[in-house]
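return a 3D structure for these sequence lines:
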Amino acid sequence: MLTPMNNVLPSRNKTLQYLVLTSEVEEVEIFKICLEYWNILSAELYREVPYQQMAPSYLRTGNSNSVPTRRQFYSVIVSKVRRIIISRMARPEEVLVVENERGEVVREFMKDTDAINLYKKMRETLVYLTHLDYVDTESIMTEKLVNQVNNTEWS
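Just a heads-up that it's a prediction; the model follows:
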């Protein structure tokens, strides 16, 4: 029998799936709005139990009590968000090393504050997501690097 709380969970999960799909839209402003939500959610999940020793995701069973219930509920969604953020990661602040008129080698910073702010927010969110499940983050990044070496991604 469905209780009111059980009825809310499938609806919330479907809503989050739509937000994941919206996060994949190529429009930067839409992505920024979604990123703000993912940042808040990941920070909140991390702060609930910040230093808990968790078993890697591949070792966990469905009945595992080592992962807080809320983290279990969001684990699939958060994994998808990790993949999206890693795939769309903004470039960090660009620094050019140039020689000035006196022959000295100096650093020249390129100013693009919007891109820098996006990078910082993505980095912060990814740090929280990594703390939630470092093994999943590592496997996604390893997969992306292998795809880059094989020339199947990031030409």
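
low-confidence ranges in the chain?
1-10, 51-68, 154-155 (pLDDT under 70).

now the helices: where do they sit in it?
Counting by DSSP state H, the chain has helices at residues 4-23, 28-48, 69-88, 113-132, 134-149.

buried residues of the fourth one, list them for me.
By 16 or more other Cβ atoms under 10 Å, the buried positions in helix 113-132 come out as 115-116, 118-119, 121-122, 125-126, 128-132. Yep, even glycine has a C-beta here, placed from its N, CA and C like the rest.

also the last one?
The neighbour-count criterion (16+ other Cβ under 10 Å) identifies Asp136, Thr137, Ser139, Ile140, Lys144 as the buried residues of helix 134-149.

I'd like to know which of the residues you listed is nearest to Gly103.
For the buried residues of helix 134-149, the minimum distance to Gly103 (Cβ to Cβ) is 41.0 Å, reached by Lys144.

and the nearest residue to the closest one once chain neighbours are set aside, how many neighbours does it have?
Distances taken as Cβ to Cβ, 6 or more residues apart in numbering put Ile86 closest to Lys144, at 6.1 Å, once the chain neighbours are dropped. When counting by other Cβ atoms under 10 Å, one arrives at 16 neighbours for Ile86.

distance of Ile86 from Glu138?
Separation of Ile86 from Glu138 (Cβ to Cβ, to the nearest Å): 11 Å.

over to Lys121?
From Lys121 to Glu138 the distance is 22 Å (Cβ to Cβ).

rewinding a little: need the contact list for the residue nearest to Lys144.
Residues near Ile86 by Cβ atoms under 8 Å, 6 or more residues apart in numbering: Leu126, Thr137, Ile140, Met141, Lys144.

spatially, which two of those are the most separated?
Between any two of the contacts of Ile86, the greatest separation by Cβ to Cβ is 12.6 Å, found for Leu126 and Lys144.

if we can go back for a sec, in JSON lines: the helices of the chain, plus distance to Val97.
Formatted as JSON lines, the helices of the chain follow (distance: least, Cβ to Cβ, whole Å):
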{"stretch": "helix 4-23", "distance to Val97": "35"}
{"stretch": "helix 28-48", "distance to Val97": "29"}
{"stretch": "helix 69-88", "distance to Val97": "27"}
{"stretch": "helix 113-132", "distance to Val97": "19"}
{"stretch": "helix 134-149", "distance to Val97": "25"}
